[in-house]
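Peer 1: Give me a model of this one.
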Amino acid sequence: MDTFQDEHLNRTRLNLKKSGYDPRTGIYHSLIKLKGKHKIPTRARLDTASFVLSQFSKLDRAESRVALIDSATNHTVTYGQLRRSIHSLAAGLYHGLGVRKGDVVFLLSPNSTLYPTICLAILLIGGVVTTANPVNTEPELAKQVFDSGAKLAIAAPEEKHKLLSTGVPTLVTTREPSSGNELSVEELIDCCESMVLPENSTDQSDTAVILYSSGTTGTSKGVILTHRNLISMMTILSWAVEITSAKDDMFLCFIPMFHIYGLAFFGLGLLCAGTTTVLMQRFDFQGMLEAIQTYKVNNIPAVPPVILGLVKYDGGGYDLSSLRSVGSGAAPLSKHLAHGFRAKFPWVDLKPGYGLTESCGGACFFLTGEEAKARSAASGALLPSFCAKVVDPVTRIAVGPYGEGELWLKGPAVMKGYLGNEVATSATIDSDGWLRTGDLCYFDEDGYLFVVDRIKELIKYNGYQVAPAELEAILLNHPRILDAAVIPFEDEEAGEVPMAYIVRASGSELNEDQVMQFIAGQVAPYKKIKRVAFINEIPKSVAGKILRKDLVAQSKQNIRSKL
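Peer 2: Residues are numbered from 1 along each chain as shown. A predicted model of the protein is given here:
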């Protein structure tokens with residue numbers, strides 16, 4: 001990378017202000033400052049729910065303005081109804097179930113119009129929300145319940161049985177004919193509307209949510225996000241909606257709300273901006289197409305696997321002309337995939353972003369589609385209130401534009417730490433508050449971020465570093481490959497070699513040699529694929545990140561079985 005950097009140093013030396021880079025400190029600063037109504041509030045005594053509700057009063061026609069639509073039932077919830085439901089449920093949890101400040105409430109449910117109400121009601125009384133994936137097994141859920149110290153659980157009726165072994169009192173979300181006298185969230189909302197809540201004593205520094213990372217490279221950890229973290233991100237999202245003229249857009253949510261991406265966008269942030277969101281309980285591709293057509297959806301925050309599906313989509317007769325903006329987050333979006341999407345949907349702005357659970361879901365984003373189109377491989381520029389460093393992993397020195405290194409982030413949205421894990425916290429956040437992301441990145445001369453790969457996932461081949469994401473992007477450009485993942489495979493001579501797992505197109509007879517030859521003609525010799533395996537599906541997290549650790553384990557198991 002040194003040679004590449006040297007080629008650009010002369011022309012960037014006079015343009016450092018365009019990148020936001022300060023050579024004296026080695027810090028990149030966001031070029032955007034939040035002002036006026038979009039300035040992040042600094043007063044100590046403020047909770048997330050009170051902040052969200054205060055934004056409702058600023059909306060035009062708040063009482064009748066539609067906040068949420070259930071795509072399966074067409075049931076709508078207005079901002080007026082949402083406000084009353086939040087207050088009623090908060091009163092029921094406080095007076096009826098004894099939830100107090102600092103109590104952790106475990107939420108196990110797919111997306112629903114009740115999800116934002118439940119989260120905000122818990123936060124309004126100073127409780128702490130921890131969310132979980134409904135597809136998790138009973139042992140996985142029990143581990144999170146005990147690790148988080150949950151005092152109460154709220155679960156969809158079909159998921160409640162998974163929590164029986166924990167012994168934690170559990171409230172179901174909706175009334176079920178077979179549930180008898182079992183208390184539900186819906187009943188609490190109906191019967192507690194007239195109850196008065198005590199004054200909230202929550203500070204911005206208090207814990208608001210505990211979200212468990214996907215564990216793509218190791219054990220899942222509880223990420224502690226404070227009210228300040230959430231309020232900062234909601235303020236930024238509200239500003240972004242206004243600056244991009246998206247306030248009157250129809251948004252579609254199929255991103256799971258238990259994940260930071262879905263929670264920050266749909267559970268909290270977009271409600272501050274007064275938008276309307278169509279909710280899908282769970283993602284399915286055809287259901288997404290139907291929702292776009294039925295509700296004339298304009299805006300979709302998505303993930304790379306969904307964008308790949310749209311690129312491979314054969315048409316099918318659905319009218320997608322209402323789309324004007326598609327975001328991409330949670331995992332890197334390759335240049336080839338971005339080009340493919342823009343070629344197929346030239347009227348849609350494709351805008352990749354970058355964020356982590358530890359940064360409350362955001363850090364970098366494109367404000368316009370033209371910016372994103374001009375830099376297809378980039379993940380946007382620093383959002384307001386964020387600053388960054390790119391630190392060389394060997395020298396530990398912060399480098400300037402085009403210099404590769406680990407991305408470090410700082411700002412009011414950066415997490416407090418990992419729950420009950422001081423070792424992991426100190427390894428991730430330094431004494432000055434810098435979050436070490438673990439991502440190998442660089443900024444260009446205009447301050448746009450380029451993600452190379454996860455540092456821990458780089459393949460070490462004879463001393464060379466090979467980025468799996470680069471090879472995956474090339475493989476996905478093959479017409480007979482539906483999906484692909486590249487992992488390190490242990491090798492006695494080279495240390496590690498690149499191995500590809502391939503999902504072939506239906507009816508394809510693509511073989512191992514053809515895959516290796518396809519790659520060999522497009523990369524340096526040390527990046528060539530040395531082994532290929534075919535698989536029915538690439539394992540991914542709910543956010544669309546490839547679960548490489550699962551594939552590495554599978555490759556080792558296959559070797560052992562042959563011995």
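
Peer 1: pLDDT below threshold where in the stretch 51-200 of the chain?
Peer 2: 177-180 (pLDDT under 70).

Peer 1: What ranges does it have for its helices?
Peer 2: With helices called from DSSP state H, counting those that start in this stretch, the stretch 51-200 of the chain shows them at 79-91, 115-124, 138-148, 185-191.

Peer 1: Reformat those as JSON lines; add mean neighbour count and distance to residue 102.
Peer 2: The way it works is simple: take the backbone N, C-alpha and C, and place the C-beta from them, glycine included. Output for those, formatted as JSON lines (neighbours: other CB atoms under 10 Å; distance: least, CB to CB, whole Å):
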{"stretch": "helix 79-91", "mean neighbour count": "22", "distance to residue 102": "15"}
{"stretch": "helix 115-124", "mean neighbour count": "27", "distance to residue 102": "11"}
{"stretch": "helix 138-148", "mean neighbour count": "17", "distance to residue 102": "12"}
{"stretch": "helix 185-191", "mean neighbour count": "19", "distance to residue 102": "21"}
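
Peer 1: Tabulate those helices in JSON lines, adding columns for distance to residue 354.
Peer 2: Below are the helices of the stretch 51-200 of the chain laid out as JSON lines (distance: least, CB to CB, whole Å):
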{"stretch": "helix 79-91", "distance to residue 354": "30"}
{"stretch": "helix 115-124", "distance to residue 354": "24"}
{"stretch": "helix 138-148", "distance to residue 354": "26"}
{"stretch": "helix 185-191", "distance to residue 354": "35"}
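
Peer 1: as a whole number, average confidence for stretch 344-363?
Peer 2: Averaged over stretch 344-363, pLDDT sits at 91.

Peer 1: In it, which of the residues would be classed as buried?
Peer 2: 345, 348-363 (16 or more other CB atoms under 10 Å).

Peer 1: and what of stretch 53-68?
Peer 2: 53, 55-56, 59, 62, 65-68.

Peer 1: quick check, nearest of the residues you listed to residue 437?
Peer 2: residue 55 (29.8 Å; CB to CB).

Peer 1: which residues sit in contact with the residue nearest to residue 468 when sequence neighbours are not counted?
Peer 2: Closest residue to residue 468 apart from its sequence neighbours, by CB to CB, 6 or more residues apart in numbering: residue 486 at 3.9 Å. The contact partners of residue 486, by CB atoms under 8 Å, 6 or more residues apart in numbering, come to 459, 468, 471-472, 475, 498-501, 529.

Peer 1: Tell me the spacing between residue 486 and residue 31.
Peer 2: Going from residue 486 to residue 31 by CB to CB, to the nearest Å gives 35 Å.

Peer 1: Need the residue closest to the centroid of this structure.
Peer 2: Geometric centre of the chain, nearest residue: residue 261, 3.3 Å, by CA atoms, centre = their mean.

Peer 1: wait, what's in contact with that one?
Peer 2: 255, 301, 303, 329-330, 355, 361, 543.

Peer 1: again, only using 10 Å
Peer 2: 255, 301-303, 327, 329-330, 353, 355, 357, 361-362, 542-544 (CB atoms under 10 Å, 6 or more residues apart in numbering).

Peer 1: Next one: residue 319 from residue 69, what distance?
Peer 2: Separation of residue 319 from residue 69 (CB to CB) stands at 18 Å.

Peer 1: Which of the two has more residues huddled nearby?
Peer 2: residue 69 (23 against 11; other CB atoms under 10 Å).

Peer 1: Isn't the more buried one up against residue 278?
Peer 2: Yes - using CB atoms under 10 Å, residue 69 is in contact with residue 278, at 4.7 Å.

Peer 1: what's the overlap in contacts for these two?
Peer 2: 76, 250-253, 291, 294-295.

Peer 1: Closest one of those residues to residue 27?
Peer 2: Nearest member of the shared contacts of residue 69 and residue 278 to residue 27, counting by CB to CB, is residue 251, at 33.9 Å.

Peer 1: How about the contacts made by the closest one?
Peer 2: 68-69, 241, 265-266, 270, 273, 275-279, 295, 297-301, 325.

Peer 1: Need phi/psi at residue 284.
Peer 2: Backbone torsions of residue 284, given as degrees, to the nearest 10, read phi -150, psi 140.

Peer 1: same thing with residue 518?
Peer 2: Per-residue torsions, residue 518: phi -60, psi -40 (degrees, to the nearest 10).

Peer 1: contacting residues around it?
Peer 2: 474-475, 477-478, 480-481, 510, 529.

Peer 1: Columns secondary structure, pLDDT and distance to residue 108 on top of the residues you listed, output as a markdown table?
Peer 2: Output for these, formatted as a markdown table (DSSP: H, G, I helix; E, B strand; the rest coil; pLDDT from 0 to 100; distance: CB to CB, whole Å):
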| residue | secondary structure | pLDDT | distance to residue 108 |
| --- | --- | --- | --- |
| 474 | helix | 87 | 39 |
| 475 | helix | 91 | 36 |
| 477 | coil | 86 | 39 |
| 478 | coil | 90 | 39 |
| 480 | coil | 90 | 40 |
| 481 | strand | 91 | 36 |
| 510 | coil | 92 | 41 |
| 529 | coil | 92 | 40 |
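
Peer 1: Buried ones among those residues?
Peer 2: The buried subset of the contacts of residue 518 - by 16+ other CB under 10 Å - is 474-475, 477-478, 481, 510, 529.

Peer 1: hmm, back to that, which ones among the contacts of residue 251 map onto helices?
Peer 2: Cross-referencing the contacts of residue 251 against helices under DSSP state H gives 241, 270, 273, 295.

Peer 1: for those residues, which one is nearest residue 85?
Peer 2: Of the ones in helices among the contacts of residue 251, the one sitting nearest to residue 85 (CB to CB) turns out to be residue 270, at 17.0 Å.

Peer 1: Spit out the contact partners of the closest one.
Peer 2: Per CB under 10 Å, 6+ apart, neighbours of residue 270: 67-68, 116, 234, 237-238, 241, 246-247, 249, 251, 253, 264, 276-277, 299, 301.

Peer 1: Could I have the buried ones of those as ChimeraX selection syntax?
Peer 2: The ChimeraX command for the buried members of the contacts of residue 270 (criterion: 16+ other CB under 10 Å) is given here:
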select :67,68,116,234,237,238,241,246,249,251,253,264,276,277,299,301
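
Peer 1: So which of the contacts of residue 270 are in strands?
Peer 2: Counting by DSSP state E, the part of these found in strands is 67-68, 251, 253, 276-277, 299, 301.

Peer 1: List just the nearest of the ones in helices among the contacts of residue 251 to residue 166.
Peer 2: Among those, and counting by CB to CB, the member closest to residue 166 is residue 270, at 32.4 Å.
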